[in-house]
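Student: Sequence isn't available, so here's the structure alone:
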């Protein structure tokens, strides 16, 4: 029997290769994993920025996550899903940040984005990602979560989220929180409680499950809005 | 001595030598089969030629054999797809990374830089072996940490690949020799320095009688096959020809040319092909451990299993130039399964089953065992030589995950997979 740790360590090594040296990382063709203690760069690479943004999103800090994305992809709003894998990931993170900030996310330039406009944009972006990457429950859960934010798309969102939950294919606490809300609105109290329990069981931070309801109250929203508007 | 890639005359234990040494004569008598000349146990293969070699060649490309093996007659896979070359570049300091990082990685990937070349497979392997090995690979190289995975091959595909790799069967007559003399040659020519020969206890290692560098020795020890399997892999005539000059048959062989007389060569061949072997040690696959009663977190499971082992082949395509690895985007002939084990949400998202429907990896089978746990346990069973049917052991081709770590995964699932 051969030591398992060798293969294991290789995976770790490859991950650092990607995380720390993007060009070299591409040479290996494997994925990235953020390892904060390993980074000593003054200016993180786009790969690292997106990975860090994703982590912030998981921790319930959507606005800070959006700022991270913009640091590397200032025109993310206009990016097309599926053309470039990393930009697609950045688009996904930014769209979800808009959703989890409940649309209260201003973007740069002279554009003015209302809450609803932001949510509509996020829905369309996540829909585009879903089309480019069909049959992926992780993407579908993101889309369902976004759809749940808008009155005219709630039904579609519920169908997606409930279907994923029924098949036990959903790993997003925020998506479970959205499903919990939708079930509660339908009067399904036990179902709502069940979804909330799943959310709490998988949330990186307990605030994530409640935060989806009150993201707009994130105290950083205002300052970051100003920051982004100034770009 | 400078090392050239093609001159890695690795100190693969020579399989040759002059007749018995005085020291050997002084050893206590061994229980050996009769030392008189015997016929080789294996006659040249008589397997009927079957298969479409041209299609076999296309399969080599389709199955991406060139991501691990050189010598396929196809161009090597691009560097960002070539598992072995990528790892070798890290060890060789050619990988684009800082010196500090390379020195950190090197010790970790040192053992993952070799895969046997397929050069001239037809001159050194029988069709019977290639066919059976493709259908059910088993570990023939104890020095390599990884082993050939069981690919998703039909019987026809196996025939086609075999026809391509072994286009002609040797009709050379069997070689005969003196077993006891063969043993003395093997023991005096350094063979056992690199090769194991399980089933023959007490073989003695000796110095390799030709100069080899340290790197050559390490390379050779990693690739040296267990000599137990010589009789499965080759005809006696092929073994005899190989011993004359390995590099004349396979230029990139790690085995050095060691001078032997014709008689010595015959004796070695006789020993390798006819010496009675002790039965293989029967390994019983370990049984599933009981669930832990303590709380298990995702962080713990991720660190010890997903991130450590699974994720290298089941990654997130967006972070990997669009290729999530063979376990996600497909590869080595396996269809894309869309399984991303790089993060919690990806793990929860399951995989695409044979009907292209999404299915959770936590779904229990008829035996009540979650699918993920079944796959991890199956790797142990494969290592023990068991037939695992449609279930492929994971990690594919790598050492099994420790039973304690499988227990951790199992317990985490049973506890509702908390984050």
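Tutor: That came through fine. Just so you know, these numbers come straight off a predicted model, no measurement behind them.
Student: How confident is the prediction for the residue in the stretch 301-419 of chain B positioned nearest to chain A, by pLDDT?
Tutor: Relative to chain A, the nearest point of the stretch 301-419 of chain B is residue B:348 (2.6 Å; CB to the nearest CB). In this view, the C-beta of every residue, glycine as well, is placed from N, C-alpha and C. At residue B:348, the model reports a pLDDT of 97.
Student: For the residue of chain A found nearest chain B, give me its contacts.
Tutor: In chain A, the residue found nearest to chain B is residue A:171; the distance is 2.6 Å by CB to the nearest CB. Residue A:171 is in contact with A:137, A:138, A:141, A:202, B:343, B:344, B:345, B:346, B:347, B:348, B:349, counting by CB atoms under 8 Å, 6 or more residues apart in numbering or on different chains.
Student: Residue ranges in the chain under the pLDDT threshold?
Tutor: Going with chain A. A:1-43, A:107-111, A:211-231 (pLDDT under 70).
Student: sorry, should have said chain B
Tutor: In chain B, residues with pLDDT under 70: B:1-49, B:108, B:111.
Student: Apart from its chain neighbours, what residue comes closest to the most centrally placed residue in it?
Tutor: With distances taken as CA atoms, centre = their mean, residue B:147 lies nearest the centre of chain B, 3.0 Å away. The spatial neighbour of residue B:147 that comes closest, neighbours along the chain excluded (CB to CB, 6 or more residues apart in numbering or on different chains), is residue B:139 at 4.5 Å.
Student: Could you do residue B:85 as well?
Tutor: Per CB to CB, 6+ apart, closest to residue B:85 is residue B:79, 6.0 Å.
Student: So which residues of the stretch 301-419 of chain B form helices?
Tutor: Under the criterion DSSP state H, counting those that start in this stretch, the stretch 301-419 of chain B contains helices at B:344-348, B:371-383, B:403-414.
Student: Kindly reformat these as JSON lines containing mean neighbour count and distance to residue B:239.
Tutor: Formatted as JSON lines, these follow (neighbours: other CB atoms under 10 Å in any protein chain shown; distance: least, CB to CB, whole Å):
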{"stretch": "helix B:344-348", "mean neighbour count": "23", "distance to residue B:239": "48"}
{"stretch": "helix B:371-383", "mean neighbour count": "22", "distance to residue B:239": "27"}
{"stretch": "helix B:403-414", "mean neighbour count": "19", "distance to residue B:239": "39"}
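Student: In three-state terms, label the residue of chain A closest to chain B for me.
Tutor: Following DSSP: H, G, I helix; E, B strand; the rest coil, residue A:171 is assigned to coil.
Student: which residues touch the closest residue to it other than its chain neighbours?
Tutor: In space, and not counting its chain neighbours, residue A:171 is closest to residue B:348: 2.6 Å by CB to CB, 6+ apart. Residues near residue B:348 by CB under 8 Å, 6+ apart: A:137, A:138, A:168, A:169, A:170, A:171, A:172, A:202, B:360, B:417.
Student: Next: residue B:237.
Tutor: B:44, B:170, B:172, B:173, B:174, B:175.
Student: how far out from the middle of the chain is the host helix or strand of it?
Tutor: Element membership for residue B:237 (DSSP states H and E) is helix B:236-244. In terms of CA atoms, centre = their mean, to the nearest Å, the centre of helix B:236-244 is found 22 Å from the chain centre.
Student: same deal with stretch B:259-275?
Tutor: 26 Å.
Student: Go ahead and confirm residue B:126 touches residue B:238.
Tutor: Yes. With contact defined as CB atoms under 8 Å, residue B:126 and residue B:238 form a contacting pair (7.4 Å).
Student: what residues do these two have in common as contacts?
Tutor: By CB under 8 Å, 6+ apart, the residues touching both residue B:126 and residue B:238 are residue B:170.
Student: ok, and the closest non-adjacent residue to residue 207?
Tutor: Going with chain A. Nearest to residue A:207 is residue A:60, by CB to CB, 6+ apart, at 4.8 Å.
Student: that's the wrong chain, I wanted chain B
Tutor: residue B:190 (5.6 Å).
Student: List the backbone torsions phi and psi for that neighbour.
Tutor: Taking degrees, to the nearest 10, you get phi 80, psi 10 for the backbone angles of residue B:190.
Student: Can you give me the distance of it to chain A?
Tutor: 25 Å (CB to the nearest CB, to the nearest Å).
Student: likewise residue B:70?
Tutor: Taking CB to the nearest CB, one finds residue B:70 at 18 Å from chain A.
Student: Tell me, how many residues neighbour the closest residue in space to that residue that isn't next to it in sequence?
Tutor: Closest residue to residue B:70 apart from its sequence neighbours, by CB to CB, 6+ apart: residue B:117 at 4.5 Å. Neighbours of residue B:117 under the rule other CB atoms under 10 Å in any protein chain shown: 17.
Student: Likewise for residue B:54?
Tutor: Residue B:54: 11 neighbours (other CB under 10 Å).
Student: Could you do residue B:169 as well?
Tutor: Residue B:169: 17 neighbours (other CB under 10 Å).
Student: Same question for residue B:113.
Tutor: 21.
Student: For the closest residue in space to it that isn't next to it in sequence, pull up the helix or strand it's in.
Tutor: Distances taken as CB to CB, 6+ apart put residue B:88 closest to residue B:113, at 4.2 Å, once the chain neighbours are dropped. Secondary structure assigned from DSSP H and E places residue B:88 in helix B:83-91.
Student: which residues sit in contact with the residue nearest to residue B:67 when sequence neighbours are not counted?
Tutor: Leaving aside its sequence neighbours, residue B:67 sits nearest to residue B:77 (CB to CB, 6+ apart; 4.4 Å). By CB under 8 Å, 6+ apart, residue B:77 lies in contact with B:64, B:66, B:67, B:85.
Student: What about those residues, which are in strands?
Tutor: With DSSP state E as the criterion, strands contain none of these.
Student: Show me the strands in the stretch 251-400 of chain B, by range?
Tutor: B:351-352, B:358-359 (DSSP state E, counting those that start in this stretch).
Student: same question but for the stretch 101-250 of chain B, I mixed them up
Tutor: Assigned strands in the stretch 101-250 of chain B, in chain order: B:177-178 (criterion: DSSP E, counting those that start in this stretch).
Student: Please apply the same query to chain A.
Tutor: For chain A, strands defined by DSSP E do not occur.
Student: re earlier: I'd like to know how far the residue nearest to residue B:207 sits from residue B:205.
Tutor: As judged by CB to CB, to the nearest Å, residue B:190 and residue B:205 stand 7 Å apart.
Student: Hmm, residue B:413 is touching residue B:363, no?
Tutor: No. At 10.3 Å, residue B:413 and residue B:363 do not qualify as touching, with contact defined as CB under 8 Å.
Student: Check the contact lists of these two and give me the overlap.
Tutor: residue B:370.
Student: Would you mind listing what in the stretch 51-200 of chain B touches chain A?
Tutor: Within the stretch 51-200 of chain B, the residues that sit near chain A (CB under 8 Å from any CB of the partner chain) are B:79-81, B:86-87, B:90, B:95-98, B:101, B:105, B:108-109, B:111-112, B:145-146.
Student: Return a selection command, for use in PyMOL, containing the buried ones of those residues.
Tutor: Selecting only the buried entries of those in PyMOL, with 16 or more other CB atoms under 10 Å in any protein chain shown as the criterion:
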select buried, chain B and resi 80+81+86+87+90+95+96+97+101+105+108+109+111+112+145+146
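Student: Of the residues of the stretch 51-200 of chain B next to chain A, which belong to helices?
Tutor: B:86, B:87, B:90, B:101, B:105, B:108, B:109 (DSSP state H).
Student: a markdown table for these, including distance to residue B:186?
Tutor: Formatted as a markdown table, these follow (distance: CB to CB, whole Å):
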| residue | distance to residue B:186 |
| --- | --- |
| B:86 | 36 |
| B:87 | 32 |
| B:90 | 35 |
| B:101 | 43 |
| B:105 | 38 |
| B:108 | 34 |
| B:109 | 33 |
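Student: Okay then, goodbye and thanks.
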